[in-house]
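Trainee: Quick one: sequence and predicted model below, then my questions.
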Amino acid sequence: MTDRERVLLERGHVLHHRPYRNSSQLLECLTADHGRVGLIAQGSRRAGTGRRAWLQPFVPLRLSWSKRGELGRLTHVEPEAADYALRGQPLLAGYYINELVLRLLPRDDANPDVFECYEACLAALARGAPLARTVRLFELELLRGLGYGLELDRDAITGDPLRPERRYVFELEHGPKRADAASDGAAFWGRELISIHSRALDDRESLRAAKRLLGRVLNSYLGQRRLKSRAVLEDIVEMGLDS
Amino acid sequence: MSSAYSPLLRELIGALQCLPGVGAKGAQRMAFHLLQRDREGGVSLARTLADATEKIGNCERCRMLTEETVCRFCSSDRRDDAQICVVEMPADLVAIEQSAAYRGRYFVLMGHLSPIDGIGPGELGLEMLEQRLAEDSVTEVVIATSVTVEGDATADLIAAQARKHGVRASRIAYGVPVGGELEFIDGGTLARAFSGRREMDTSGSEEFEL
């Protein structure tokens, strides 16, 4: 039980880092086969270690560590590929998806699906894919990877396929059901839910609906503590500095 | 901490642990040193600490730590008003001053953009910087943030701000250190050095004569 776990050259990403002790860093990493792990990089803030250049978010890495208990000790790091070089809005979106993973994926819970959709999202951000669509698709895949996938193709009560021209309300953990007059503000068009379900999201209307739906679902899993990166993003947009 | 110590001593040891990198053992060692060997030093430390925490605030113009309303870098009349150098921390400002490479004004962010920690434009005082950039005398903002993802993101925000006010934005160069030999430089730094290479003056000088 107190065995030291040794992991060699596993693919991973730094999600977040903060200073630790005099010259070390505490890293939160997302890895391919070990999920999210907390690692200490000893002496990485000291000048001339060269390591620090790699220990940043949005760089595909190979990580080795040994671990007993809650935190591991980083023993080796090397870049797996060139960094994604995100700037401007895609970079801010990158911080947002990092915070989502940090908040929703518990530590030491292996989840290759989350890793895969995380890398796919970074790659899409790096090649300049449409931002809102990329982020919504990530949110959908993240929820599915975490086992909270949304069932949006059938009426939760009757089991019938959704009809594009009908209005539905979405209930967490149940799914869509026919909207009545009282629920109108919170209702979605069937065609919006179908677009979200099929991952099409190729028009403004369905993107807006996806943002509204996923915002509600994510908030219910995030609980009281709201996402900090989202508030910062809003400030940046408000000041007109998001170019 | 062992409860064998008297309440006041326990309190002192506990209070010393607010310092970065000081744990229970270190705090205990410091407390004994002050009480046994250097009471005078302890008294002067307490007095200075009380004074400093009460009086030191941020400069009204550049956010540098100072006990004046306006720091000496902002009030000096021997500095160039056309340039503002933006740094992350007071220690960065001091490092630049020591290099004697720069004679303009400063702005200290007191950190860098870190959305996940909730550090955004408000926390970095970008509204204050905006007012500075709106001043007529300013023609260039020199961005001297760290060369990290966060430092780059911070630089982008400031560049966007400068653009809004028609102020030229530049970023200090990075790459091969002075005295650096290429074979010992890490790949990331070298890559940056290549992408940030600059043209050499080949305009042909006068004939060389000894």
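Mentor: Right, received. Where do you want to start?
Trainee: Partner strands of the lengthiest strand in chain B and their direction?
Mentor: Looking across chain B with DSSP state E, the single longest strand is strand B:80-87. Using DSSP bridges, strand B:80-87 pairs in its sheet with strand B:104-108 (parallel), strand B:140-144 (parallel).
Trainee: the longest strand in chain A is where?
Mentor: The residue-count maximum for a strand in chain A (DSSP E) belongs to strand A:5-20.
Trainee: Identify the residue nearest residue 90 in space, chain neighbours excluded?
Mentor: Defaulting to chain A. A:Leu125 (4.1 Å; Cβ to Cβ, 6 or more residues apart in numbering or on different chains). Bear in mind the C-beta positions are built from the backbone N, C-alpha and C, glycine included.
Trainee: Can you look at chain B instead?
Mentor: Distances taken as Cβ to Cβ, 6+ apart place B:Leu65 nearest to B:Pro90, at 5.3 Å, with adjacent residues excluded.
Trainee: Torsion angles phi and psi at the one you found?
Mentor: Torsion angles at B:Leu65 (phi, psi; degrees, to the nearest 10) stand at phi -70, psi 130.
Trainee: check contacts around it.
Mentor: B:56-59, B:90 (Cβ atoms under 8 Å, 6 or more residues apart in numbering or on different chains).
Trainee: A:Ser229 and chain B, how far apart?
Mentor: Distance, A:Ser229 to chain B, using Cβ to the nearest Cβ, to the nearest Å: 3 Å.
Trainee: what's the burial count for that residue?
Mentor: Neighbour count of A:Ser229, defined by other Cβ atoms under 10 Å in any protein chain shown: 25.
Trainee: repeat for the one 3 residues further on
Mentor: A:Val232 is flanked by 25 other residues according to other Cβ under 10 Å.
Trainee: need the contact list for it.
Mentor: By Cβ under 8 Å, 6+ apart, A:Val232 lies in contact with A:92, A:95, B:113, B:115, B:118-121.
Trainee: confidence score at A:Phe115?
Mentor: What the model reports for A:Phe115 is a pLDDT of 97.
Trainee: Same question for the one 10 residues further on.
Mentor: Per-residue confidence (pLDDT) for A:Leu125: 96.
Trainee: Quick one: residues contacting it.
Mentor: By Cβ under 8 Å, 6+ apart, the residues touching A:Leu125 are A:84, A:86, A:90, A:93-94, A:131, A:134.
Trainee: Okay, and it sits in which element?
Mentor: Take DSSP states H and E as the rule and A:Leu125 turns out to sit in helix A:112-126.
Trainee: do you know how far B:Val108 is from A:Gly145?
Mentor: 42 Å (Cβ to Cβ, to the nearest Å).
Trainee: Neighbour count for those two, which is higher?
Mentor: Legend: neighbour count by other Cβ under 10 Å for B:Val108 and A:Gly145, higher for B:Val108 (25 against 20).
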